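Asker: Based on what follows, work out the 3D shape:
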Amino acid sequence: MKTQTYIVRLLGFLLLLTGFTACDMEQEIEVKLPVLPTELVVECYLEEGKPIRLALSESAGYFEGAQPVIINNAKVTITKNGSQVIPLAFKVVVDNKNEKITNYQSSHVIQSQPGDVYTLTITDPAGRRVTGSTTVLPPAPLDSVGYKFNDKPEESQEAYLYIRWQDDATRENFYRLLTHKNDSTGVDSEMDAEINDRLRNGQKIIYTTTYRFDRGDTLNIKLFHLDRAYYDFISSVEDARRSNGNPFAQPVTIKSTVAGGFGVFTHLNYNTRELIIK
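Answerer: Down below sits the predicted model:
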């Protein structure tokens with residue numbers, strides 16, 4: 001009996017000792033992050049039949065908050081096919097529908113043909129320089145769109161959406177599908193998918209959604225034809241969004257389409273359809 005009492009006391013002492021040891025080993029580690037120089041951040045999408053809008057700001061540290069630093073004294077030009085130079089002037093424009101702010105503008109309306117090349121050059125008084133280039137692609141060959149309801153009772157039925165198009169076998173192709181309801185903005189989409197033809201080169205591509213649409217929904221569907229640089233950019237942005245806050249996710253580097261800074265400069269060529277779910 002004494003032996004059992006001794007063993008119980010010994011175990012209790014060892015557990016207590018382990019607790020004190022664990023507390024003693026806990027240390028706070030302060031990691032000193034390097035101070036990196038700020039870089040220019042640009043966002044510019046060229047669209048057929050629309051004037052040029054560009055957002056230019058400055059990078060900031062991760063813990064410095066999300067308030068952008070707007071650059072108002074840069075020299076910004078876009079050159080078409082190496083000869084036509086289009087200057088952009090500083091002017092802040094707020095796009096409430098798409099929740100965007102741009103601060104460099106030109107009244108020049110984009111009118112181009114497949115194969116045209118646009119080059120972006122940005123310099124500022126601090127000596128920073130950002131360049132980018134984009135080539136106009138043929139429009140996305142959207143063939144047809146449609147929908148089909150599930151087998152539930154009519155009052156609770158939902159429909160899935162399908163989109164068909166023919167891939168061009170002579171080149172590597174990248175696409176983006178966006179679908180919005182008429183009462184939604186350009187930020188909150190019903191569908192946003194990046195697609196490549198790696199396994200479907202030269203084939204008819206059919207993309208379907210889940211059952212998510214109701215009778216009376218009016219959908220605006222856009223099929224974009226992307227270059228590789230912009231496809232990699234939006235794919236990396238989506239990967240970063242998914243990994244944010246996940247302690248087990250790998251860090252993601254945003255793949256910019258510009259050199260000398262961060263961001264994107266590209267021409268958007270797309271076909272669009274409107275579909276009413278009846």
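Asker: Which stretches in this structure count as helices?
Answerer: 2-25, 228-243 (DSSP state H).
Asker: between those, which has the poorest average model confidence?
Answerer: Mean pLDDT is lowest for helix 2-25 among these, at a mean of 49.
Asker: Tell me where the model's unsure across the stretch 1-150 of the chain.
Answerer: 1-27, 31, 33, 62-67 (pLDDT under 70).
Asker: these two touch, right, residue 149 and residue 158?
Answerer: Yes: here residue 149 reaches residue 158: they are 7.0 Å apart, a contact under Cβ atoms under 8 Å. No exception for glycine: its C-beta is placed from N, CA and C like everyone else's.
Asker: got any residues that touch both of those two?
Answerer: residue 211 (Cβ atoms under 8 Å, 6 or more residues apart in numbering).
Asker: residues of stretch 86-100 that come out buried?
Answerer: residue 88 (16 or more other Cβ atoms under 10 Å).
Asker: how far does that stretch sit from the chain's center?
Answerer: 19 Å (Cα atoms, centre = their mean, to the nearest Å).
Asker: contacting residues around it?
Answerer: With Cβ under 8 Å, 6+ apart as the criterion, stretch 86-100 contacts 52-55, 70, 72-74, 76-80, 101-106, 108, 185-187.
Asker: which of these count as buried?
Answerer: For the contacts of stretch 86-100, buried by 16+ other Cβ under 10 Å: 52-55, 74, 76, 78, 80, 101-106.
Asker: Tell me the one among these nearest to residue 252.
Answerer: Closest approach to residue 252 among the buried ones among the contacts of stretch 86-100 (Cβ to Cβ): residue 55, at 21.7 Å.
Asker: Can you name the residues that contact that closest one?
Answerer: Residue 55 makes contact with 42-44, 100-104 under the criterion Cβ under 8 Å, 6+ apart.
Asker: Which residues are in contact with residue 221?
Answerer: Residue 221 neighbours (Cβ under 8 Å, 6+ apart): 142, 145, 161, 163, 177-179, 272-275.
Asker: okay, these in TSV with neighbour count and distance to residue 130 next?
Answerer: Output for those, formatted as TSV (neighbours: other Cβ atoms under 10 Å; distance: Cβ to Cβ, whole Å):
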residue	neighbour count	distance to residue 130
142	20	33
145	18	38
161	24	38
163	24	35
177	22	29
178	17	27
179	23	32
272	12	30
273	14	35
274	10	37
275	18	39
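Asker: Just the ones of those residues in strands?
Answerer: Residues of the contacts of residue 221 located in strands (DSSP state E): 142, 145, 161, 163, 177-179, 272-275.
Asker: is the closest residue to residue 190 other than its chain neighbours in a bridge, and if so with what?
Answerer: In space, and not counting its chain neighbours, residue 190 is closest to residue 179: 4.6 Å by Cβ to Cβ, 6 or more residues apart in numbering. Beta-bridge pairing for residue 179 (DSSP bridges): residue 191, residue 221.
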